[in-house]
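how does the following fold in three dimensions:
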Amino acid sequence: QVQLAESGGGLVQAGGSLTLSCAASGVTFRTYVIGWFRQAPGKEREFVACTSTSRHTTNYADTVKGRFTITRDSAKNTVYLQMNSLKIEDTAVYFCAADLEGSDYYIASAASDYDYWGQGTQVTVSS
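Sure thing, here's the model as predicted:
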């Protein structure tokens, strides 16, 4: 049974940094894709970033490109989202998700492509 657990959320001032972690368990595929999504109150869930676990193919939403970095530690089955220069509009619940059919050559940005989801972690950016 695949399980994902996010951690690292919290309250930070605008311009600050946070690092989120997504620990995956129960995954037997050598290569899959982990994505980060976020959902702010009253808004739809949106794509943030994703990475393949093998060759580290990555993709970022335009809104976070240059500020957020996604990395992975395959030995720990953990993916990280380093968030720098945070803005108030980054405030949201952040979710990680796994696409077990993804690969180094196909990394999805649509939430519908992801099969497993974590519970989410709150990130609040204050002025």
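
check contacts around residue 97.
Counting by C-beta atoms under 8 Å, 6 or more residues apart in numbering, residue 97 touches 4, 34, 35, 36, 37, 111, 114, 115, 116, 117, 118. In this view, the C-beta of every residue, glycine as well, is placed from N, C-alpha and C.

cool, residue 88 as well?
Neighbouring residues of residue 88 by C-beta under 8 Å, 6+ apart: 14, 125, 126, 127.

repeat that for residue 87.
By C-beta under 8 Å, 6+ apart, the residues touching residue 87 are 14, 125.

and with 10 Å instead?
Applying C-beta atoms under 10 Å, 6 or more residues apart in numbering, we find residue 87 in contact with 14, 15, 63, 64, 67, 125, 127.

do me a favour and get the backbone dihedrals for the first one.
Read that as residue 14. phi -60, psi 140 (degrees, to the nearest 10).

still on that earlier bit, looking at the contacts of residue 97, which is nearest residue 55?
Of all the contacts of residue 97, residue 34 has the smallest distance to residue 55: 13.3 Å, by C-beta to C-beta.

can you tell me, leaving aside adjacent residues, what's nearest to that closest one?
residue 79 (4.3 Å; C-beta to C-beta, 6 or more residues apart in numbering).
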